[in-house]
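K.L.:
turn this into a structure:
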Amino acid sequence: MGQVIIRNLEDSVLADLKRMASNEGKSLEQYLRDLLAERARSDKQSFFEFAKGMRERSKPAWRDATELIREDRER
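P.N.:
Below is the predicted model of the structure:
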């Protein structure tokens, strides 16, 4: 597994993160691990939803050839 080191966090930010972790009964490390994993999954899910919408919008409009022939004859 990989590791990440974050330098130069403001003391107030670190204090807030520690408080939030404590409120959930987790260590700061576990809290941040869960937070980052959740964010990565939500971004991935958002991408898949976006891609699905694009796929739906780019489907060609299917029309029965019989209808097209009739329309052409009528013109």
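
K.L.:
where exactly do the helices run in the protein?
P.N.:
Per DSSP state H, the chain carries helices over the ranges 11-23, 28-57, 65-74.

K.L.:
could you give the angle of the second one to helix 11-23?
P.N.:
Between the direction of helix 28-57 and that of helix 11-23, the angle (axes from the mean of the first three to the mean of the last three Cα atoms, to 10 degrees) works out to 90 degrees.

K.L.:
picking up where we left off before, looking at the helices of the chain, which is nearest to Gly2?
P.N.:
Nearest to Gly2 among the helices of the chain is helix 28-57 (11.0 Å), distances taken as Cβ to Cβ. Quick note: C-beta positions are derived from backbone N, CA and C, even for glycine.

K.L.:
report the buried residues of that closest one.
P.N.:
Buried residues in helix 28-57, counted by 16 or more other Cβ atoms under 10 Å: Tyr31, Leu32.

K.L.:
packing partners for that helix?
P.N.:
Contacts defined by 3 or more Cβ pairs under 8 Å, 6 or more residues apart in numbering; DSSP states H and E place helix 28-57 against helix 11-23.
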